[in-house]
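1. predicted model and sequence below, questions to follow.
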Amino acid sequence: MTSSTLEHSQSQFLSESESWSTSTLPESARLVRDSSAHWLSEVVAELVAFLSLKPNWDSYEAIPVRIENVKTAIELLFNFSAASTPRPSVVPTNLGGVQIEWHQKAIDLEIEIHSPVAIDVCFEDLEKGVEREYELRSDLHILEDLVSKLSQQ
């Protein structure tokens, strides 16, 4: 992606999105914490760049990533990441969503955002033999716990 395309995507994101004071997250999921993760601006730029993906971007009829899913991903990262949280990978999904992934040491955490109120989470701790899947619809506080475990690695 060229820098002018990225700049266009970022300006499109800023002009089309609602004010940042209006959250896409359900009221019960909102925290009042801003992340101090050093990687956050780079990951936000990657997420915003997903907005430039055109229909069929994967050659398998994928739809473009929806702006509300990018905004939700950014809000989740701001709300649940700490300075010690490792940098995640972010990928677009073929149905217009966003996936945030961490694969650190013995912990795997994947968060798939289908919409601001439809978020699937898969957590696995290989050392402890724990595997959990969650379908989050409004209460996202479990994410704070899971990201905290990951940050302590």
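-> Okay, I see it.
2. tell me, what residue is most central in the chain?
-> The central residue of the chain, meaning the one whose C-alpha is nearest the mean C-alpha position (C-alpha atoms, centre = their mean), is A73 at 3.0 Å.
3. what's the first helix or strand after the helix or strand where it lies?
-> Following DSSP states H and E, one finds A73 within helix 67-80. For helix 67-80, the following helix or strand on the C-terminal side (DSSP H and E) is strand 89-92.
4. the helix or strand following that next one pairs with which strands?
-> Downstream of strand 89-92, the first helix or strand assigned by DSSP H and E is strand 98-104. The sheet places strand 98-104 alongside strand 89-92 (antiparallel), strand 107-115 (antiparallel), with pairing taken from DSSP bridges.
5. got the angle for strand 98-104 vs helix 67-80?
-> Taking axes from the mean of the first three to the mean of the last three C-alpha atoms, to 10 degrees, one finds that strand 98-104 is oriented at 30 degrees with respect to helix 67-80.
6. quick check: buried residues in strand 98-104?
-> For strand 98-104, the neighbour count (16 or more other C-beta atoms under 10 Å) marks V98, Q99, I100, W102 as buried. Yep, even glycine has a C-beta here, placed from its N, CA and C like the rest.
7. please apply the same query to stretch 53-69.
-> Along stretch 53-69, these residues count as buried under the neighbour rule (16+ other C-beta under 10 Å): L53, W57, A62, I63, V65, R66, I67, E68, N69.
8. those: which two are farthest apart?
-> Using C-beta to C-beta, the buried residues of stretch 53-69 span at most 18.0 Å, a distance reached by W57 and E68.
9. having no further points to raise, I will conclude here.
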